[in-house]
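K.L.:
coordinates for the following, if possible.
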Amino acid sequence: MLNGYRQINRKMLRWLWCLVILGIIASIPVVYHRMNTESTSNNVEFVFNYKNLLQISDYKPNPRQFVEEQLTLMQQAGITSMAVNESTLNTLKLSRRIELFSSHEATALTQTQISPDQNFTYILFAEKDSELEMKTMIEQNFTRLNIKFHPWTYKQQNGLIIEMPLADASLVPMDPDPVTMTLLKDKGFHIVAMLSNHRQPFSLDYMEDVLKELDQFDIQSVIIDGATVPGYSNDGEPNDINSMAGLFNKHNVAVAFIEMQKADPLGFDTLANQLHYNIFRLHKFSEKDASKLLENVTLEELDQQIQRYADRFVLAVKDRNIRMILLNSIPAQSEESGMYSDPLKHIYSILDGTDGAVTRIQDAGFTIGSAHSFSLTDINMNTMLTILIVLGSVSLITIMMSAFVPSHALSILILGLLGTGGIGILSSNLLYKMLALGVAISAPSIALFITMTWLRNKQITKTSTTPWFAFILFLYTSLISLIGGIYIVSLLDNVTYLLYIDQFIGVRMASLVPIVLVGLYLLFFNEGLTFEGKIAKAKRLLLTHISVLWVIGAGFTLVVMLYYISRTGNGGSATSIELFFRSLLENTIGIRPRNKEFLFSHPLFILGAYLALRRRPGALYILALGIIGQTSLVDTFAHLHTPFHISLIRATYGVIFGAVVSLLYLGVWNVLEIIWNKFVTSSGRKPSIKVKDNITM
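P.N.:
Numbers count the residues shown, from 1 in each chain. I've put the predicted structure just below:
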């Protein structure tokens, strides 16, 4: 029985690779389906926050004329839509539809003594045309809150007295202003409503009335304004959220999902699920971003900032499936003049100036228009494809683990399948995430294992191979690593990953664990040592005398690794030089490869392979650094909100540019080798390089 187990283990590797290949074949329709889904939403919508425009106009001598002029300029710049907030008394005042007074201010205005016990809000309607609509909207919303009000007149100008302090009354959320929406609609703008959960208690009938009114303005999408979605309650019951989602579905309204928030609005996952993911991603250009355009800088620095923002918008659309860009802006006091100014003209330059975002987005194949969600369809034979992909993933992980314990490959596979079944029963989504992390670790590790073993055998057998075969080895290794990327995309094939509602877990583990595994394999498992040999080598390493140079080298390595960890995933921040280099690459070739791949890791891999083929001692340690580039290649596909073809092109560019840059590495090495040999020859020594190495290569 033991002999049978050993025979099965000897054949196991071939069977495992067959399962991996079957999984890759099964992944092809899944990846193709994903690419088709990504192509179903190509409209990009630029939206300006109308409330911000009103705030800016409040600092102008002719506010309404200013608003009219800016609306025309916005259309010319490519802004096709306006975001309209829920009305408050403050925004109605900014719109010049009402005037607001506190009790003290009303006393001064009317020259009439008002009771000192009163702290009410006084409203005067500023224009006859909108008076009836404003009066009706205000009365309905304050009646809903059981707040008393009564008529008030001053010099034949109608108004209301609301029995509520001005500070509170001015912030009570009401319906979106129908007069404003009519104005914007007549000017050719699409309307995007911003809805909050501030109107409490939640009333489904009331929200139904709001959406019916919005239907009159052909509103197709809304933005969630606030920390909770409409219908969310602190008791955690999803009933009201489900009802709100039902209303959105009934009125065919999509929801914009703001990216890069500190936290998603509470209840958003439930709302998105009930909407059947009729949502799309939104990028927010904040008031803080806009204020940077008013800083006291030179014209050249201002142009650079404008260019960076244009690049940012283009990247958001191309690389992160952003379909709506919300532009915010506020008035700010100029540091130079001391007067209030606004960055609107600079925002227009970002959109339609030299190298502006709108034209570049259109050149990339997108259309400026109303944003909409991806069209979702199912794949035929989805269950069978999923089984094959899962089997292939488990097999790939087994191959990696069996590199350390080759005599137990069958046991690892059986345990892996049992674990897969158990986790799958508990949560299929958790299973797919764990398998995705497993293949992200396994694929680049296996690629380096195979390459190092092949090179070691070449060194042992002393078989002659041209050193330029290093480029073929590099391509072969990268293709094996690519298997991990394909499996990640096919395992996490759900719209929640495409929309970044859910995401790949363990980015830092996927970047660091392969480095550890490759290091262990190189030290203890690449030489065919017995168990006793591995123990002896470990003791020899532990007893090796440590010099000051080793300490310095270890410290430098630690600093590099800490920086590498900080820059892994979405952490850390890029330097200004790196940002400039990124922008240069992006604007030159369209899709930017990763710097650490083509400038550092890929060239080191090729240099290490080149030197190993020339039988230089220590070459495999240089090659082992190539694991950083291979893990980065796989990690590219773990950014599941990035279109698949963008990830594939980025990885390909990294490989191509890495191969080109490696020629510089090889040239520098050969020059240094010639100089070294001449120096040694002039000293009367043998003209060859000898590097002290405690570890037998």
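K.L.:
could you use CA atoms for every contact and neighbour count after this?
P.N.:
Fine.
K.L.:
the domain parsing of the chain - what is it?
P.N.:
2-38+377-682, 43-86+175-368, 87-174 (automatic domain parsing).
K.L.:
so can I have JSON lines of those domains showing mean pLDDT?
P.N.:
JSON lines is the format used below for the domains of the chain (pLDDT from 0 to 100):
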{"stretch": "domain 2-38+377-682", "mean pLDDT": "86"}
{"stretch": "domain 43-86+175-368", "mean pLDDT": "91"}
{"stretch": "domain 87-174", "mean pLDDT": "90"}
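K.L.:
I'd like the ones you listed as JSON lines, with mean neighbour count appended.
P.N.:
What follows is the domains of the chain, written out as JSON lines (neighbours: other CA atoms under 10 Å):
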{"stretch": "domain 2-38+377-682", "mean neighbour count": "18"}
{"stretch": "domain 43-86+175-368", "mean neighbour count": "18"}
{"stretch": "domain 87-174", "mean neighbour count": "16"}
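K.L.:
can you pull out the helices in the stretch 101-250 of the chain?
P.N.:
Secondary structure of the stretch 101-250 of the chain (DSSP state H, counting those that start in this stretch): helices located at 103-110, 131-144, 166-169, 178-186, 204-215, 239-250.
K.L.:
how about residues contacting the first one?
P.N.:
When you say that, I think you mean helix 103-110. Contact with helix 103-110 is made by Q113, I114, Q118, N119, F120, T121, Y122, Y154, as judged by CA atoms under 8 Å, 6 or more residues apart in numbering.
K.L.:
any idea which helix is longest in the protein?
P.N.:
Determined from DSSP state H, the single longest helix within the chain is helix 644-682.
K.L.:
show me what it is packed up against.
P.N.:
Here helix 644-682 touches helix 2-38, helix 470-491, helix 602-613, helix 627-638, going by 3 or more CA pairs under 8 Å, 6 or more residues apart in numbering; DSSP states H and E.
K.L.:
of the ones you listed, which approaches P593 most closely?
P.N.:
For those, the distance to P593 is smallest for helix 627-638, at 9.7 Å, taking CA to CA.
K.L.:
packing partners for that closest one?
P.N.:
Using 3+ CA pairs under 8 Å, 6+ apart: helix 627-638 touches helix 428-461, helix 470-491, helix 507-520, helix 644-682.
K.L.:
reformat those as a markdown table; add distance to A364.
P.N.:
As requested, these are arranged in a markdown table below (distance: least, CA to CA, whole Å):
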| stretch | distance to A364 |
| --- | --- |
| helix 428-461 | 30 |
| helix 470-491 | 23 |
| helix 507-520 | 29 |
| helix 644-682 | 12 |
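K.L.:
one step back: chain center to the longest helix of the chain, what's the gap?
P.N.:
31 Å (CA atoms, centre = their mean, to the nearest Å).
K.L.:
can you tell me how far N49 sits from I241?
P.N.:
26 Å (CA to CA, to the nearest Å).
K.L.:
er, R508 actually
P.N.:
From R508 to I241 the distance is 35 Å (CA to CA).
K.L.:
what do you get for S662?
P.N.:
With CA to CA as the criterion, S662 and I241 are 56 Å apart.
K.L.:
also S481?
P.N.:
Counting by CA to CA, the gap from S481 to I241 is 43 Å.
K.L.:
again, but for A227
P.N.:
14 Å.
K.L.:
ok, N85 next?
P.N.:
Applying CA to CA to N85 and I241 gives a distance of 20 Å.
K.L.:
the helices and strands packed on helix 644-682: which one's closest to N158?
P.N.:
Closest of the helices and strands packed on helix 644-682 to N158 is helix 2-38, at 54.6 Å (criterion: CA to CA).
K.L.:
L195 against V222, yeah?
P.N.:
Yes. Contact criterion CA atoms under 8 Å: L195 and V222 qualify, at 6.8 Å.
K.L.:
tell me the secondary structure of V44, please.
P.N.:
Here V44 is recorded as strand under DSSP: H, G, I helix; E, B strand; the rest coil.
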